[in-house]
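K.L.:
build the 3D model from these lines:
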Amino acid sequence: MKLSQQEKAAQKAAFRAMSPDKKLEHILTYYKWLILLVLVVVFVLGSVLQRELTKKEPVLQLALINVAVGEDLENALTVDFITYDGGNPRRQEVYLYRDLYISEDADTLNHEYAYASQMKLMGAIQSQKLDLVIMNREGYDILSQKGYLAELPALLETDPDLAKEFFPLLVENEVVLSDNSIEVMLGEAEDRERVTQSVLNALALSSLPLFENAGFGSEIYLGLVANSPRTDAALRYLRYLSSADLL
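P.N.:
Modelled structure (predicted):
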């Protein structure tokens with residue numbers, strides 16, 4: 001019911017006559033849901049604003065597959081590259097996919113984790129949100145066979161200095177062009193037919209100063225994802241790796 005002007009004036013006078021405690025009690029009694037709604041809206045807007053102000057633009061996206069690195073090397077692989085590249089670490093980043101594990105022989109304990117990692121990896125590749133991968137030999141074999149890695153010689157040849165530095169580090173692996181193992185397993189074919197091609201699609205990293213004293217027990221490899229749209233940034237990253245050192 002709409003109040004008259006006299007009733008409104010009487011309510012205002014009654015409110016002014018209340019003690020501070022009574023005024024607070026009155027406000028909480030009649031307006032607590034409105035106050036809560038305002039607070040929720042302010043919180044949501046504040047969160048969105050903070051996220052937008054602190055959001056970083058990914059210059060490159062890098063995955064560590066079956067490889068773990070310490071804090072110093074992680075910083076060297078991410079923040080230090082942004083500085084080297086003339087960027088702003090507060091606004092730009094090398095986005096890092098950590099702790100990915102893929103294996104053809106994952107045991108029962110690791111099977112679900114390996115499956116989840118593979119799904120995450122495939123999603124990142126299909127959405128073109130992954131550019132470079134650092135991996136052990138098993139991870140390299142799996143990605144190479146699936147055709148996920150780009151051939152590197154032509155890319156390196158665009159920069160003579162890079163070609164001179166990295167051609168000795170190129171590694172050859174197989175890409176599976178066709179494989180009828182599923183048909184054989186289902187009884188739709190009798191003989192196994194597997195066609196492969198050897199390509200140079202990774203770099204052995206352990207001899208580079210940044211990695212040679214990093215404590216890896218075996219060789220690690222760097223590959224470029226075949227559908228990466230950021231090959232220029234990947235080339236700049238290779239230039240950085242050729243000169244970087246872990247102090």
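K.L.:
and the strands in this structure?
P.N.:
Counting by DSSP state E, the chain has strands at residues 57-65, 92-100, 132-135, 170-179, 194-204, 221-224.
K.L.:
and those strands: which comes nearest residue 154?
P.N.:
strand 194-204 (9.8 Å; C-beta to C-beta). To be clear about C-beta, it is placed using only N, CA and C from the backbone, and glycine gets the same treatment.
K.L.:
so what touches the closest one?
P.N.:
If you take C-beta atoms under 8 Å, 6 or more residues apart in numbering as the criterion, strand 194-204 is touched by 140, 144-145, 149-153, 166, 169-181, 219-224, 238.
K.L.:
contacts only, for the closest residue to residue 140 other than its chain neighbours.
P.N.:
In space, and not counting its chain neighbours, residue 140 is closest to residue 221: 4.6 Å by C-beta to C-beta, 6 or more residues apart in numbering. By C-beta under 8 Å, 6+ apart, residue 221 lies in contact with 134-137, 139-140, 171, 202-205.
K.L.:
how close does residue 221 get to residue 96?
P.N.:
With the distance defined as C-beta to C-beta, to the nearest Å, residue 221 ends up 17 Å from residue 96.
K.L.:
and if you look at residue 134?
P.N.:
10 Å.
K.L.:
list residues touching both of those two?
P.N.:
The overlap between the contact sets of residue 134 and residue 96 (C-beta under 8 Å, 6+ apart) consists of 62-64, 77.
K.L.:
can I get those residues in JSON lines including pLDDT and distance to residue 198?
P.N.:
Shown next, in JSON lines, are the shared contacts of residue 134 and residue 96 (pLDDT from 0 to 100; distance: C-beta to C-beta, whole Å):
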{"residue": "62", "pLDDT": "97", "distance to residue 198": "26"}
{"residue": "63", "pLDDT": "97", "distance to residue 198": "24"}
{"residue": "64", "pLDDT": "97", "distance to residue 198": "26"}
{"residue": "77", "pLDDT": "96", "distance to residue 198": "29"}
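K.L.:
now the buried members of these.
P.N.:
Neighbour counting with 16 or more other C-beta atoms under 10 Å marks 62-64, 77 as buried within these.
K.L.:
JSON lines please, covering these and showing distance to residue 120.
P.N.:
Listed next are these as JSON lines, based on distance: C-beta to C-beta, whole Å:
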{"residue": "62", "distance to residue 120": "14"}
{"residue": "63", "distance to residue 120": "9"}
{"residue": "64", "distance to residue 120": "12"}
{"residue": "77", "distance to residue 120": "19"}
